[in-house]
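Trainee: Predicted model and sequence below, questions to follow.
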Amino acid sequence: MDNDTDDLAVLETRHRKEKKELQAQIQAMKKTAKNDKTKKKELTTEIARLENEMDIRHKQEIEAIQAIQKDPVEVTEQPVTDETESTKQKVSKAQKRREKKSQQDKERENQIKQQEQENRHGPRNIEQQAINARLKGKGLRIFTIPSDGDCLYKAIAHQMAIRRQQEISVDNLRKSVADYIRLNKDDFIPFMSNPDTFEMLTDDEFQEYCDKIENTKVWGGQLEIRALSNCLKCPITIIQATGPEAIEQGVEFEGPALNITYHRHMYRLGEHYNSTVQVHGEENN
């Protein structure tokens, strides 16, 4: 039950983050249609659709977790003998930590496998087909990036290597993004809010946000993509299944765009980014 409760907490945190990301995306879309009445009308419909899609998906995901919680796995307790009690006492704290980490890793792998099965004919598969269709029109295909919290930065690092012939590490990318956001606080903080109160971040919370970017595997989103584009002085194109075919960042910069894909339904644990390669560019793989 504890694991299910943790899953629900992770899901709720992701939902709050996705709502914040959507609001940032909506603000960016509104700016592009500022002086165009026709676009404004179309944008209102698009915004309503995106918000409705998210509400429905969030509700379905929460119901799925709650359904699991209502049907816990029965655990049979084994009698404790003097021998087993003695063995338990000999297990070191370090060993317990290793066993706990190993168990968590196994649970994460099982969750991913379970999600693969559940989505074989569900939202994940539908989303994948839509992204593949859009990539095909650009002569691209997906280059898979591991789902480990670093997916955005690994996708960008891969793109820099094949599109710009520049090798750059995930750690360096994270540090560059954190430093850029710190130095340009006034540009970013209006789009940042506390996930619990939805209030604008305090100075301490802002610093904590930047520290997490630099020192942990926290997921990256639209704000981090904007910072990456400005740090690297590269246009970045994000291909997704719904909404605009592609979201463009850094269009003012010259040179080939870094092409990545955004997936909402690939894993239950959170949104995901993959890289891309040319369909006939197998040598880049």
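Mentor: Thanks, I have the structure now.

Trainee: any idea where the strands of this protein begin and end?
Mentor: Ranges of strands in the chain, per DSSP state E, are 140-143, 236-239, 246-249, 258-267, 270-278.

Trainee: what is the mean pLDDT for the second one?
Mentor: So that's strand 236-239. Across strand 236-239, pLDDT averages out at 96.

Trainee: tell me what it is packed against?
Mentor: helix 123-137, helix 222-232, strand 246-249, strand 258-267 (3 or more Cβ pairs under 8 Å, 6 or more residues apart in numbering; DSSP states H and E). Bear in mind the C-beta positions are built from the backbone N, C-alpha and C, glycine included.

Trainee: now what about the second one, what contacts it?
Mentor: Residues outside helix 222-232 that contact it (Cβ atoms under 8 Å, 6 or more residues apart in numbering) are 21, 24-25, 28, 152-153, 156, 160, 173, 176-177, 180-181, 184, 188, 191-192, 213, 220, 234-236, 238, 247, 249-250, 253, 258.

Trainee: Of the residues you listed, which belong to helices?
Mentor: 21, 24-25, 28, 152-153, 156, 160, 173, 176-177, 180-181, 188, 213 (DSSP state H).

Trainee: Just the buried ones from these?
Mentor: Among the ones in helices among the contacts of helix 222-232, those buried by neighbour count (16 or more other Cβ atoms under 10 Å) are 21, 24-25, 152-153, 156, 160, 173, 176-177, 180-181, 188, 213.

Trainee: Report how many residues lie close to residue 114.
Mentor: Around residue 114 there are 12 other residues, counting by other Cβ atoms under 10 Å.

Trainee: if we can go back for a sec, may I see the buried ones among the ones in helices among the contacts of helix 222-232 organised as TSV, with pLDDT and distance to residue 54 added?
Mentor: Compiled in TSV, those are given as follows (pLDDT from 0 to 100; distance: Cβ to Cβ, whole Å):
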residue	pLDDT	distance to residue 54
21	83	10
24	80	13
25	81	11
152	96	20
153	97	25
156	97	25
160	97	31
173	97	28
176	97	30
177	97	25
180	97	28
181	97	25
188	94	22
213	95	24
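
Trainee: In terms of distance to residue 58, which of those residues ranks first?
Mentor: residue 21 (12.9 Å; Cβ to Cβ).

Trainee: I'd say the closest one and residue 220 touch.
Mentor: No: Residue 21 is not in contact with residue 220 according to Cβ atoms under 8 Å; the separation is 10.3 Å.

Trainee: circling back: out of the helices and strands packed on strand 236-239, flag the one nearest residue 277.
Mentor: Proximity to residue 277 (Cβ to Cβ) singles out strand 258-267 among the helices and strands packed on strand 236-239, at 9.0 Å.

Trainee: can I have the closest one written out in PDB, keeping just the CAs?
Mentor: Extracted in PDB, the C-alpha atoms of strand 258-267 (Å, rounded to 0.1, in the frame of the first residue of the first chain):
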ATOM      1  CA  LEU A 258      17.700  20.300 -32.600                       C
ATOM      2  CA  ASN A 259      14.700  18.000 -33.100                       C
ATOM      3  CA  ILE A 260      13.300  16.200 -30.100                       C
ATOM      4  CA  THR A 261       9.900  14.500 -29.400                       C
ATOM      5  CA  TYR A 262       7.600  15.000 -26.400                       C
ATOM      6  CA  HIS A 263       5.600  12.100 -25.000                       C
ATOM      7  CA  ARG A 264       2.800  12.500 -22.400                       C
ATOM      8  CA  HIS A 265       1.700   8.800 -22.300                       C
ATOM      9  CA  MET A 266       5.000   6.900 -22.700                       C
ATOM     10  CA  TYR A 267       5.400   6.100 -19.000                       C
END
